[in-house]
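Peer 1: Here is the input, now give the coordinates:
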Amino acid sequence: MADIRIANPIRTAGILRRYGLTAKKKYGQNFLTDEGILQEIVDASGVKEGDLAVEIGPGIGAMTEFLCERADQVLAVEIDRNLIPVLNETVGHFDNLTVLNADILKTDIGAWAKENAPGKKIRVVANLPYYITTPILMGLLEGKAPLESITVMVQKEVGLRMISGPGTKDYGALSLAVAYYASPRIVAEVSREAFDPMPNVESVVVTLDRYKNPPVDVSDEKLLFDVIRASFSQRRKTLANGLSHDPGLGLSKEEVNSVIKACGWDERVRGETLTLEGFARLTEMIYNLNSRTS
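Peer 2: Numbers count the residues shown, from 1 in each chain. Sure, this is the predicted structure:
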């Protein structure tokens, strides 16, 4: 049995049974049991010799096994302490693996890498818990760790939002946040049958190639995302309504309309029609307005 991949359905069931484990809903656990899909994920991640692979939620080690065979070092961050002894059994023999029992939202990947893997390119690979996908993803994108890429399995509808463009039904704040930090692409679709237990949704694997520098320049990055959030807070409403009703921006309807006019747009324009470049332009107009009135 030791020669059989962890992702094999029979071996996965045997490991879970031996430790008396079941998937925990509070951690969004679904164990991937399709070796072919795991191979696709690791291939898409680009993890290779010389890299530090950071895995979020290794579970019982199915993907960890593949990563340890590819990367110089692997950091596996697992929040469920009950899985630590399982990982010690299944992948503990890899001398290039560090298992960290921690919450990824509270883990400074950059600091860990600087101390333990200096100079190595960092590639994040994960089968993310679907209930907390966006906070984890935004934490990775907004963090200071010098990530080369992020390859994640996510709920299909979230994956579609990540790659959508202006004017589409899936386009929104997440689409723009991803576009600001990285170039996204869907690299695989994953059936529900590939998991144990089987989830209620279809999944996709998305790779985000991190930009060295954002594709747009703004004077205030926080203001850009405040503007984007406000613009989508009242979907199907005009951009002017969304911006003028946001207390955080503190803009009057007259000020909003003047800014929209200065951008050369119709006052009935909607946020979902603007590109990232359009939002950057709008943000600069608001920044300049605030600078004049402060």
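
Peer 1: Doesn't Leu289 lie inside a helix?
Peer 2: Yes: remark: Leu289 belongs to a helix, assigned using DSSP: H, G, I helix; E, B strand; the rest coil.

Peer 1: can you pull the contacts of it?
Peer 2: By C-beta atoms under 8 Å, 6 or more residues apart in numbering, Leu289 lies in contact with 251, 255, 258-259. Where you see a C-beta, it was placed from the backbone N, CA and C, and this is true even at glycine.

Peer 1: Can you select the buried ones among the residues you listed for me in ChimeraX?
Peer 2: A single ChimeraX command selects the buried members of the contacts of Leu289 (16 or more other C-beta atoms under 10 Å):
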select :251,255,259
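
Peer 1: Find the pair from the contacts of Leu289 with maximum spatial separation.
Peer 2: By the measure C-beta to C-beta, Leu251 and Ser258 form the most distant pair in the contacts of Leu289, at 9.6 Å.

Peer 1: Tell me where the model's unsure across the stretch 151-294 of the chain.
Peer 2: Along the stretch 151-294 of the chain, the parts satisfying pLDDT under 70 run over 294.

Peer 1: rerun that using 90 as the cut-off
Peer 2: For the stretch 151-294 of the chain, the stretches with pLDDT under 90 are 191-202, 233-237, 267, 290-294.

Peer 1: Same check on the stretch 1-150 of the chain?
Peer 2: Looking along the stretch 1-150 of the chain with the criterion set at pLDDT under 90, you get 1-4, 7-10, 12-13, 16-17, 19-34, 127-132, 143-144.

Peer 1: And Asp226, its phi and psi?
Peer 2: phi -70, psi -40 (degrees, to the nearest 10).

Peer 1: Against Ile260, how distant is the closest residue to it other than its chain neighbours?
Peer 2: The shortest distance from Asp226 to any residue other than its chain neighbours is 5.8 Å, reached at Gly248 (C-beta to C-beta, 6 or more residues apart in numbering). With distances taken as C-beta to C-beta, to the nearest Å, Gly248 is found 18 Å from Ile260.

Peer 1: Name the residues of stretch 188-203 that are buried.
Peer 2: 188, 190, 194-196, 203.

Peer 1: for that stretch, the distance to its chain's centre please.
Peer 2: 18 Å (C-alpha atoms, centre = their mean, to the nearest Å).

Peer 1: what does stretch 149-167 give?
Peer 2: Distance, stretch centre to chain centre, for stretch 149-167: 9 Å (C-alpha atoms, centre = their mean).

Peer 1: now swap in stretch 286-294 and tell me
Peer 2: With C-alpha atoms, centre = their mean, you get 33 Å for stretch 286-294.

Peer 1: and what of stretch 103-111?
Peer 2: With C-alpha atoms, centre = their mean, you get 14 Å for stretch 103-111.

Peer 1: end-to-end on it?
Peer 2: Counting by C-alpha to C-alpha, to the nearest Å, you get 15 Å between the two ends of stretch 103-111.

Peer 1: hmm, who's touching it?
Peer 2: By C-beta under 8 Å, 6+ apart, stretch 103-111 touches 54, 56-57, 75, 77, 79, 100, 122, 124, 132, 135-136, 139-140, 143-147.

Peer 1: same thing with stretch 260-275?
Peer 2: 165-167, 171-172, 228, 231-232, 235-240, 242, 257, 278, 281-282, 285.
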